[in-house]
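Visitor: Dropping a prediction and its sequence here:
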Amino acid sequence: MVINLSDKHSLVSNWVSELRSINVQSDRLRFRKNLERVAEVIAYEISKTLPYVEEEIETPLGTHNSKVLKEQPVIATILRAGLAMHQGLLNFFDKADNSFISAYRKHHKDGTFEIALEYVTSPDINGRILIVSDPMLATGASLAKTLNVLETIGKPAEIHVVCAIAATEGIEYLLRETNNKVHVWCGDIDDELTAKGYIVPGLGDAGDLAYGEKKQS
Ligand SMILES: O=P(O)(O)OC[C@H]1O[C@H](OP(=O)(O)OP(=O)(O)O)[C@H](O)[C@@H]1O
Ligand SMILES: O=c1cc[nH]c(=O)[nH]1
Ligand SMILES: [Mg+2]
């Protein structure tokens, strides 16, 4: 299942437009905040699909049969660009367990790159609801590799992928690699990728915009 939140006009389209704009995105604080609030809205949308149980809650004046989240999800993110969206998910799923994975594009002299994945820390995800955030789903290689590695830790009951902007090609690759088992939630979808795997029109390099340019590795 693929859900593009820009299909319906809401503040999400507004925030994604600010993420894209060369006139706004250089304000790093605003860039990170916009990623965070896109993730907050997606967290809320995901929350509508999760199981709830009734719990008798005592108020100062009586009792109420409330619906509360049946189980806490595991929220995972891909360092470094995913950190701001991770915070947005954690603001809403405030009791969640957390996983962190480092994956980055290691560039070769011939212009090609591979995904270097060096650090994984995670609770047991077996049978759990797993929500993985990364602002950009470009070729899909980083997310596919991340999900592969997480599957060695346990088999989640369901997997939700959360992005600010996803490329059509990357979504198709990820769905193929996971046998259509993931739900992809994104702020917007673009149709083009450059030869170097950048989303067009996209927004540029999300990690650099949020945290500063890094020395090429
Ligand atoms: O779908 P893909 O083609 O794999 O590309 C997307 C990945 O690229 C970016 O990370 P990057 O490698 O720039 O690392 P960073 O977070 O350190 O900026 C982005 O945050 C994704 O993880
Ligand atoms: O367009 C892209 C592709 C990968 N990573 C980014 O930050 N932006
Ligand atoms: Mg980057």
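Guide: Yep, it's here. Ligands and ions are numbered 1, 2, ... in the order given.

Visitor: what kind of secondary structure is the closest residue to ligand 3 within the chain in?
Guide: Distances between the chain and ligand 3 by Cβ to the ion are smallest at G207, namely 3.1 Å. The way it works is simple: take the backbone N, C-alpha and C, and place the C-beta from them, glycine included. Reducing the assignment at G207 to three states with DSSP: H, G, I helix; E, B strand; the rest coil gives helix.

Visitor: how far away is it from ligand 1?
Guide: As judged by Cβ to the nearest ligand atom, to the nearest Å, G207 and ligand 1 stand 2 Å apart.

Visitor: T49 too?
Guide: In this view, T49 and ligand 1 are 24 Å apart by Cβ to the nearest ligand atom.

Visitor: residue contacts, that residue?
Guide: For T49, the contact set (Cβ atoms under 8 Å, 6 or more residues apart in numbering) comprises H183.

Visitor: in which helix or strand would I find the spatially closest residue to F92 that is not a sequence neighbour?
Guide: Distances taken as Cβ to Cβ, 6 or more residues apart in numbering place A43 nearest to F92, at 3.7 Å, with adjacent residues excluded. Here A43 is covered by helix 28-47, with elements defined by DSSP states H and E.

Visitor: now for that helix, which elements pack on it?
Guide: Packing contacts for helix 28-47, counted by 3 or more Cβ pairs under 8 Å, 6 or more residues apart in numbering; DSSP states H and E, involve helix 11-20, helix 83-92, strand 129-133, strand 158-167, strand 182-190, helix 206-211.

Visitor: which of the residues in the strand or helix carrying R176 are buried?
Guide: Remark: R176 resides in helix 168-177, with elements defined by DSSP H and E. Of the residues in helix 168-177, those buried under the neighbour-count criterion (16 or more other Cβ atoms under 10 Å) are 169-171, 173-175, 177.

Visitor: same deal with stretch 71-90?
Guide: By neighbour count, with 16+ other Cβ under 10 Å as the criterion, the buried positions of stretch 71-90 are 73-90.

Visitor: confidence score at the residue of the chain positioned farthest from its centre?
Guide: What lies farthest from the middle of the chain is L61; by Cα atoms, centre = their mean that is 40.8 Å. You'll see L61 listed with a pLDDT of 98.

Visitor: Could you do A157 as well?
Guide: According to the per-residue confidence, A157 scores 97 in pLDDT.

Visitor: For ligand 2, see how far away it is.
Guide: Counting by Cβ to the nearest ligand atom - A157 and ligand 2 are separated by 29 Å.

Visitor: Might you report the residue contacts of the spatially closest residue to that residue that is not a sequence neighbour?
Guide: For A157, ignoring the flanking residues on the chain, the nearest one in space by Cβ to Cβ, 6+ apart is G127 at 5.1 Å. If you count contacts by Cβ under 8 Å, 6+ apart, G127 has them with 154-157.

Visitor: Quick check: buried residues in the helix holding A43?
Guide: Using 16+ other Cβ under 10 Å as the burial criterion, the residues of helix 28-47 that qualify are 31-43, 46.

Visitor: The following helix or strand past it: how far from the chain's middle?
Guide: Beyond helix 28-47 on the C-terminal side, the first helix or strand identified by DSSP H and E is strand 52-59. In terms of Cα atoms, centre = their mean, to the nearest Å, the centre of strand 52-59 is found 30 Å from the chain centre.
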